[in-house]
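Q: Curious how this folds, go ahead:
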Amino acid sequence: MTSEKIKIFTDFDGTISSKDTLVEVFDAYCRENWREIEKYHENGSIPQTESLKKEVELLQGKMEQFLEIIDSIKPIKGFPEFLEKVNENNIEMTILSGGFRTFIERFLKNSSIQFNGEIKCNDIMQNEAGWHIISNKSGRLCDKCPTCKSYDIFQASKKGYRTIYIGDGATDRCAASYADKVFATSWLKTYLSEKNIDFKPFETWHEIEKEIFK
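A: Residues are numbered from 1 along each chain as shown. Purely as a prediction, here's the structure:
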C-alpha cells in the first residue's frame, strides 16, 4: 500500500449487503409494481429524487415487518475483514447510500460490524397518509438524487485525497465518474463497461482488499 492519503467511499445496498434492502422490502410491501417506476430512473428518464419518492409512497406495512426482512440479509463475503484493514490503517471510509438509515444501522448491528465512519443516506417515516422519504441533508452538486454521492468525493478530491469508490447500481454511476479509482459489480459494472469508463470488477471484498492493501 502506498503512503498517499486516501478516502474510501462505498455504496451500501448490493455492495456491502448481499441483497438490496430496498428491493427486498419494496418487492414484499409495495402495493403496486414499483419496478415500473425504477425502470424510468435506470434509463435516465426521471431523477432518483422523483422515483424513490414515488416508490416509498407505494409502501404499506409496518417498520417491524420491514426489519424482519433486513434481519435475513447477510454482508457480502469479505466486508468485515476489509473493514478491519481500513481501521488498522486509519483510513477514512464513508457509506454513501440512496437507502435508509434505519435499514443500514439494523444490518450493521445484526452483522456485528463496528463501522466507525460516516453514513450519509436517506430514511423513511410514516404518518397518517402513509410512508414518506426523509432525504439526506448533506451537500450536493445537483438535485437529481436525495443523497448526492458525488459531493463528498468531489470535496475529498479538492483536499488532495486519492478517492476510491465501490458500488453496484444506478445510483452509483455519477459518483463513479468523480472517483480516482472505482470498483464495480452488477449493474454498475455493465454500465461502466458500455461507457468505456475505467474500473476494477469485483465479486467479494477480498478482491478489493488485495488491490488496495497490496
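Q: Can you list the neighbours in contact with the one helix or strand Ser177 maps to?
A: Using DSSP states H and E, Ser177 falls within helix 173-178. Outside helix 173-178, the residues that touch it by CB atoms under 8 Å, 6 or more residues apart in numbering are 9, 11, 96, 144-145, 149-150, 153-154, 157, 163, 165, 167, 182, 184, 188, 191-192, 197, 199. Using the backbone N, CA and C atoms, a C-beta is placed for each residue, glycine as well.
Q: and with 7 Å instead?
A: The contact list for helix 173-178 (CB atoms under 7 Å, 6 or more residues apart in numbering) reads 9, 96, 149-150, 153-154, 157, 165, 167, 182, 184, 188, 191-192, 197, 199.
Q: Grab the two from those that are most spread out in space.
A: Based on CB to CB, the longest span within the contacts of helix 173-178 runs between Ser157 and Tyr191 and measures 21.4 Å.
Q: The two: which is more packed in?
A: Higher neighbour count among Ser157 and Tyr191: Tyr191, with 18 against 15, using other CB atoms under 10 Å.
Q: and the next element down the chain from the stretch of helix or strand that one belongs to?
A: Here Tyr191, judged by DSSP H and E, is contained in helix 186-194. Sequence-wise, the next helix or strand downstream of helix 186-194 (DSSP H and E) is strand 200-201.
Q: Tell me which residues of the helix or strand following that following strand come out buried.
A: Counting by DSSP H and E, the next helix or strand C-terminal to strand 200-201 is helix 205-212. By neighbour count with 16 or more other CB atoms under 10 Å, helix 205-212 contains the buried residues 205, 207-209, 212.
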